[in-house]
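*Asks:* take a look and give me a structure for this.
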Amino acid sequence: MEMMQMSEQEPPDIGAQVQAHRERLGLSIRGLAELCGLSPNTISLIERGATSPNVSTLHQLAKALRVPITSFFEDHRTEEQVVHSRPGERAFSGSTQVLLESLGSRLEDQCLEAFVVTLKPGAHSGPEAIVHCGHELVYCLEGITEYVIEEQVYQLTKGESLLFSARLPHSWRNPDSAERSVFLLAFECSGAGQPAEAHLPQT
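*Replies:* Below is the predicted model of the structure:
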C-alpha cells in the first residue's frame, strides 16, 4: 500500500524511524514481531522501505515501541512549548483510502494528538475493533461518517461530534459515495504515550 504525501516536503522515512525506535530498546526484529503481533518479514519490509504500513499496523508498532504514532513521520526536532502548524508543513500518512494529517506534534509533555482524517468512499477501519488508552473526540467536518462504539451505531453528519472512552471497542467507516473528513482529537491516559494509533484501514 503506497504512502500518500500531500505537502511539498519529503515523505517521512517511517521504516528508518521504526528501526531507530527498535534499536533504542535493544530489540531484534523477531523480538519486536513477538511484541506487536506482526511477522518478522513484515517488519523487515517496513524498515527497508519495501512496504508502507497503514496506521492499524503503526498502532501495533507504536504500542510495542512505547511511542506516539506521530513519532514515525515527524522530523524529531527539539520539543517546543508552542507549535505553530501551517498548511504545506504538516506530516501526512495514509493509504489510497484514507489520509491522516497531523495538526501538530513536538509539544513539550504533549498528551494529545490532533488529526484531520480524510476518508475515501467506502473506507473503513478494518475487521478488528480499535481499542486504546485515553479519550477520543471526533467531529464530522463534512458528509456522513459512521462510528460503532460497543456495537452502538452513530451516524455523524456535518457539525456532529462524539466524545468517548477509547478503551471501548470502536470502529468507523465512510458509508457515503463521496470523500469525507473528520477532525480527530485523542487524549492519552497517564504514561500511555500513544493515544491515536489505529484509525486507518487494516490490510
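*Asks:* helices along the protein, start to end?
*Replies:* 14-24, 29-36, 40-47, 55-65 (DSSP state H).
*Asks:* so which of those helices is the most packed in?
*Replies:* Burial of the helices of the chain is given as mean neighbour count (mean count of other CB atoms under 10 Å); helix 55-65 ranks first at a mean of 24. No exception for glycine: its C-beta is placed from N, CA and C like everyone else's.
*Asks:* only the C-alpha atoms, please, for that helix, written as CSV.
*Replies:* The C-alpha trace of helix 55-65 is given here as CSV (Å, rounded to 0.1, in the frame of the first residue of the first chain):
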residue,chain,number,x,y,z
VAL,A,55,-2.0,3.2,10.7
SER,A,56,-3.5,0.0,12.1
THR,A,57,-0.1,-1.5,11.7
LEU,A,58,1.6,1.6,13.0
HIS,A,59,-0.7,1.3,16.1
GLN,A,60,0.7,-2.2,16.8
LEU,A,61,4.3,-0.9,16.3
ALA,A,62,3.8,2.2,18.4
LYS,A,63,2.2,0.3,21.3
ALA,A,64,5.1,-2.2,21.3
LEU,A,65,7.8,0.5,21.0
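*Asks:* looking at it now, give me its mean pLDDT.
*Replies:* Throughout helix 55-65, pLDDT has a mean value of 82.
*Asks:* and for stretch 28-37, what's in contact with it?
*Replies:* Residues outside stretch 28-37 that contact it (CB atoms under 8 Å, 6 or more residues apart in numbering): 22, 27, 38-40, 42-44, 47, 60-61, 63-65.
*Asks:* err, stretch 166-182, not the other one
*Replies:* 116-126, 129-136, 138-150, 155-156, 164, 186, 195, 199.
*Asks:* give me the phi and psi angles of the residue of the chain most remote from its centre.
*Replies:* Going by CA atoms, centre = their mean, the residue of the chain most distant from its centre is Gly26, 24.4 Å out. For Gly26, the backbone dihedrals (degrees, to the nearest 10) come out as phi 70, psi 30.
*Asks:* report the contact partners of it.
*Replies:* Contacts of Gly26 (CB under 8 Å, 6+ apart): none.
*Asks:* widest-spaced pair of the contacts of stretch 28-37?
*Replies:* Ser44 and Lys63 (19.2 Å; CB to CB).
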